[in-house]
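S.K.: return a 3D structure for these sequence lines:
(chains A, B and C)
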Amino acid sequence: MTKIILKDKIFKVVNKSIGKIDGLYLSQGKPSYVADFVPRNALHVKMLWSSHPHAKIKSIDISKAERMPGVKGVLYHGNVPRIPHCTAGQGYPEPSPYDTFMFDTKVRFVGDRVAAVAAETLEAAEAAIEMIEVKYELLEPVLSIDDALKENSPVIHDEPDAYVPIPIPFEPEKNIAARVGMESGNFEKGLKDADFIFDQTYETGYAQHTPIETYVSLAHIDNLGRVVIQTSTQVPFHCRRIVAQTLDIPIRKIRVIKPRVGGAFGCKQEMLLEDVVAMFAMRTNRPVFFRLTREETFKYGRTRHPIRFRMQYGLKKNGDITALGMDAINNTGAYGGHGLTVMSCCGSKVFPLYHVNNIHFDAKAVYTNLPVGGAYRGFGATQAFFAVESMMDEMAEAIEMDPVEFRKMNHIRTGETHPAFAALGEGKDGTPMTIGSCGLAECIEKGAKEIGWHRRTSHKGKTGRIRRGIGMCCLMQGSSVPEIDMGAASMKMNEDGSFNLNVGATDLGTGSDTVLAQIAAEVLETTVDKMIVYSSDTDMTPFDVGAYASSTTYLSGEAVRKTASKIKEQIVRVAAEMLDKKINELEVLNETVITKDGGEKVSFSEISQYSLYENNQFQIAALESHITHKSPPPFSAHFIEIEVDMETGKIQVLKYVAAIDCGTAINPALAEGQVEGSVLNGISYALTEEYRFNKNGMMLNPSFKTYNIFSMRDLPELKTILVPSYEETGPYGAKSVSEICINGAMPGIGNAFYNATGVRLHKAPFTRERVWKTLQQSQ
Amino acid sequence: MRIIDFKKPKNLDEVYSMASELGEKAIIMSGGTSFQFLKEDTERIAIDVNSAIPKGINTDKSFFKIGATTTIADLQEYSAYGWVLNNVANKLSTQPIRNMSTLGGNVARIFPWSDFPVALLALDAQINVSDETEKKNIPKPIYSSKLEQKCQSSSEHSTSHNKNGFAYKAEAFFKQQPAHLLKNKTLITSIEVPIVLNGSGFAYHKEVRTSGGFSTLTVAAYLKYNKNIITDVKIAAGAALGLPVRLKAIEEALMEKSANNISFEEIVPVLIHHYPWKGKEGGSNEYAQHLAETIIIDVLKESLLDAEGGTK
Amino acid sequence: MTKTITFTLNGEIRSFSVSADEKLIDLLRRHDYKGVKWGCGEGSCGACTVLIDAKTAYSCITYAFLADGKDVWTIEGIGSIDSPHPIQKALIDEGAVQCGFCIPGMVLSAKALFDKNSTPNKDAIKEYMDGNLCRCTGYEKIYTALQKVSASNEEVSND
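M.R.: Modelled structure (predicted):
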């Protein structure tokens, strides 16, 4: 296939900032989200959460609670199946330990499930919760990764029935939930060959996604006795499967529907509430509604894994990187879902960015009695880029090279490959890959120009309390999980020339319904308003793994493109019959099929009417699936200017430039929206977001008032630059865009800080006190 | 805390009779935005005083008189020569809270983050309260006077005023949790702050991680100078201290000194340790003290600039 | 204890029976005003924003009783599918609507702002909108859209 460059293409619908198809009704506040559909006779669920970090449940007495007015059901370990599973929304069999039970006889963190009540009102449920009597045997808690790894540390997962469904490393007796690594080339030799050796440790902390809509689920039993679950989820099909597994009922008894979701960012790539609402619905035969409070979302909801990285590098005077070593330990919290895959991505989505073949990588996911890590936008790459991109600056300085020049020299190019692609999969072997598109050089050039990189002066000789600095970083991510994840789409045609487009793919507000409609419309030479999109219903839409791993455009989009292509073939075949022409005499143009000489034509609606009513009737329809065979990285270069107050330790972002190559941006406005949202999230992740714990492992700041995210008033100047490239393996040249840009703020701000002050930050978040202390210690 | 009933008295007399009748069950409400922070397990009847206590800002010779039920948003939007509270108001929480919260409500119960109390201390504000009963257990105010209730705004308020009132200077008022004071059926009716004239200046700072976040340190300063000498200075700090207080040791040291930044830079560091600075948000006391030293100097410098007309 | 309160809701006089402890969001949502969203229950995120006497309020911490006699607006009273309000149109055109959960609150806060001051500058926009949190958009396109509304109001007044 000849290489196509975006600028040679003329698109009619794709690469246009078409308005989101649900924008209008969302702006009117029309009922769209799970909580908007709760029937009046629904029961309300409240959960009793553990207030102990580590304890055995010696006894639970629910009898008083059951007798409380309005109570219709109480669940606890004694009256539900005990089926080990993992809550992580991943392909089956999951690369995560099956270490979770619907309700267990042990609690493993402050916020763990103990028992649940369903009652006529929320107040009745809350009152009943108070009446549940639990006796605990307190166990010594493990509250840090170092404590977890000590000899004779208490074992958090000592249950004999936990296991791993695929052969992945799992050593619960050592509190190790997962292990992954790679060795390529000769790391030790690489260090020996170096002129400079580096050895530095970096640490990142907890964070929560804080979608404005918390976790919400609603279940009812339909007339056929099936459980219908409407839920705010990223993974409707995984959710269905895991509910079937944990409730021990057949999959055909369950339907999962995702309505509009009020944000997710990874925290809803999980089955967290659905088993409970489903079980209550089955037992009470009433609709059941469960919504986590904001506090519960912080404590029980999933979080970003805190990770400690020990980085070792070898560097030659000329700038060649001779060795890269990463020893990483993540705190996966009380349960191990996503622990392995996050650590995998620390390597797979990071190492290939630069030329270095001598690699040592060893990563462990470690259990603690603390809130549970899960999927969070960036997925390990975010944490790892803090370490790697900070080190790149340290190395550039050692050889007195401009950080931009150092990266230009070393970054991967189109046509190149890297051993990490083959070595690191998601619990399995990775997928070797050659880079098909890389606009990083242009990203660097454009970003440098926009920030005014030449204005960057050395930190040396800077005095004064208020200092400015400019820093940068380069980034990559991936697009889908190759060979493992599958997405499918189906379409049918209606007699007015419109199409139903049914996709399993999951729009979280990301706009995938719109983007997929654009792809289909482009194939079919029609417009987006002719697409009736329905998504994420396990009965009505074909399978899709869901919204994660930056998959929807690249994977689901290709399924849509294939499906639409099949529809197009059928349309042309019918038109040929109608016009009595050969297929090769016809072409599709602007909702008509026209003879190539332009003489005769039939419209889409005429074709559909003919096919449905007139002759050789059949439904024009198609269903196509897709798996990807590579995970082509989007690339990005971020340039950040900050101001530092040396006395208070306050860092303020003045201007943030994100230049990104996502291949073809199917919808540029939506792509920019992904960049802007992830960038701002990255900034507060770097500066203000943290979990504070007391000595008992209880999270102390579970509220927007005490867990600080930015408001519009904190917004710095943002500039997004879309740099087009063309990824042949993606629909219309597209790659992903949704995760990558969250990775830049932490290293970029850290590098800018060094430029301002001459001091390196190795621990995040860069809160004022931590910054000030670091500045003090450096004197 | 659960509200089981609402009452809306039309005037102060009705407030008192309702409060008498309901006793411990009553809770005074103006904006109601702080109720979510009251974690007590009680049932209360809310007495909404928005009709009984006036809103609005009036000028009276050398001070502004602010009705206790004036909203923070009103303070944010008000503009007049010598009015400084707009810059305090616009930093309180977020706009919907500013729209509902009242000045009286913000000072009637001190929360750790202490927005207005700090500003009012620095301005040596006067808090006017009305009290129905003879007081035996209330601490003696520094300065008290019998006041008549003057109704500032619309005529729907009762004009009868046979209740006696007291005035507290801010320092006396904030020496304890005002809620204790107000338990004895005293009500804040208005607050008076000086008009900050040329030659005098005011500055205020809240140290927050993000806009709308809780303060870890709030500082305010009022400064007056004449012929290059500091003739009056009041500094207050809160959030990083238990209750917000005037930093008297620093004030005394600054009086009569040269009105320039060097005076602040020399004096504040020497005296900062007189106060028990407490780290917030998991921070250390050491950093809290350093932050206090830095910010107090900043605020003093800014108040001097304001006094010099630099920010007017 | 329940009482009957009466207030103007989206331009119509309505009466409701409420209990003393009930919050305005619960009253509104149980009467099917689903555009008033529940995001935190603590008066921080702004998803529950309504207008009371032309000013924004967090309905999740406002007692329903306090609406008595007032003029209340929810998103349901702003614009329509056929005729969106200029603020809604500006947000949609700019690409500022992602998951949409914060948008009703953003629209109402913006409306209160523009009704008070039709040409706010950047700082005034940021100050007035500081009570509506968003995690999807990074605020950028919402901010741009509101600046455009301000600019177009400026043009109109200059005509």
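S.K.: could you find the closest non-adjacent residue to A:T553?
M.R.: A:A734 (5.0 Å; Cβ to Cβ, 6 or more residues apart in numbering or on different chains). C-betas here are computed from N, CA, C, even on glycine.
S.K.: which residues of chain C fall in helices?
M.R.: For chain C, applying DSSP state H gives helices covering C:24-30, C:86-94, C:103-116, C:122-128, C:140-158.
S.K.: get me the contact residues on chain B for chain A.
M.R.: The interface of chain B toward chain A, taken as Cβ under 8 Å from any Cβ of the partner chain, is made up of B:94, B:207, B:209-214, B:279, B:281-284, B:287, B:290-291, B:294-295.
S.K.: on that earlier part again, and the residue nearest to A:T553, how many neighbours does it have?
M.R.: 30 (other Cβ atoms under 10 Å in any protein chain shown).
S.K.: wait, is A:E188 part of a helix?
M.R.: Yes. Counting by DSSP: H, G, I helix; E, B strand; the rest coil, A:E188 is found in a helix.
S.K.: count the neighbours of it for me.
M.R.: Neighbours around A:E188, by other Cβ under 10 Å: 13.
S.K.: please apply the same query to C:G69.
M.R.: The number of residues packed near C:G69 is 11, by other Cβ under 10 Å.
S.K.: ok, it touching C:S15?
M.R.: No. Taking Cβ atoms under 8 Å as the definition, C:G69 is not a contact partner of C:S15, at 11.4 Å.
S.K.: what do those two both touch?
M.R.: Among the neighbours of C:G69, those also in contact with C:S15 (Cβ atoms under 8 Å, 6 or more residues apart in numbering or on different chains) are C:I5, C:T6.
S.K.: about what we covered before: dump the helices of chain C to TSV, plus mean neighbour count, mean pLDDT and distance to A:G73.
M.R.: As requested, the helices of chain C are exported to TSV (neighbours: other Cβ atoms under 10 Å in any protein chain shown; pLDDT from 0 to 100; distance: least, Cβ to Cβ, whole Å):
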stretch	mean neighbour count	mean pLDDT	distance to A:G73
helix C:24-30	21	97	23
helix C:86-94	22	97	42
helix C:103-116	25	98	34
helix C:122-128	18	98	46
helix C:140-158	17	94	43
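S.K.: got CSV for those helices, with distance to A:T121 too?
M.R.: Shown next, in CSV, are the helices of chain C (distance: least, Cβ to Cβ, whole Å):
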stretch, distance to A:T121
helix C:24-30, 11
helix C:86-94, 35
helix C:103-116, 26
helix C:122-128, 36
helix C:140-158, 36
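S.K.: B:V270: which of the ones you listed is closest?
M.R.: Among the helices of chain C, helix C:122-128 comes nearest to B:V270, with 37.7 Å by Cβ to Cβ.
S.K.: so what touches that closest one?
M.R.: Residues outside helix C:122-128 that contact it (Cβ under 8 Å, 6+ apart): A:712-713, A:715, B:90, B:95, C:109, C:112-113, C:117, C:120, C:143, C:146-147, C:150.
S.K.: name the nearest residue to residue 108, sequence neighbours excluded.
M.R.: Using chain A. Using Cβ to Cβ, 6+ apart, the closest residue to A:R108 is A:A334 (3.7 Å).
S.K.: hmm, no, I was thinking of chain C.
M.R.: Using Cβ to Cβ, 6+ apart, the nearest residue to C:L108 is C:T49, at 4.8 Å.
S.K.: measure the one you found to chain A for me?
M.R.: Note on C:T49: its distance to chain A, by Cβ to the nearest Cβ, to the nearest Å, is 11 Å.
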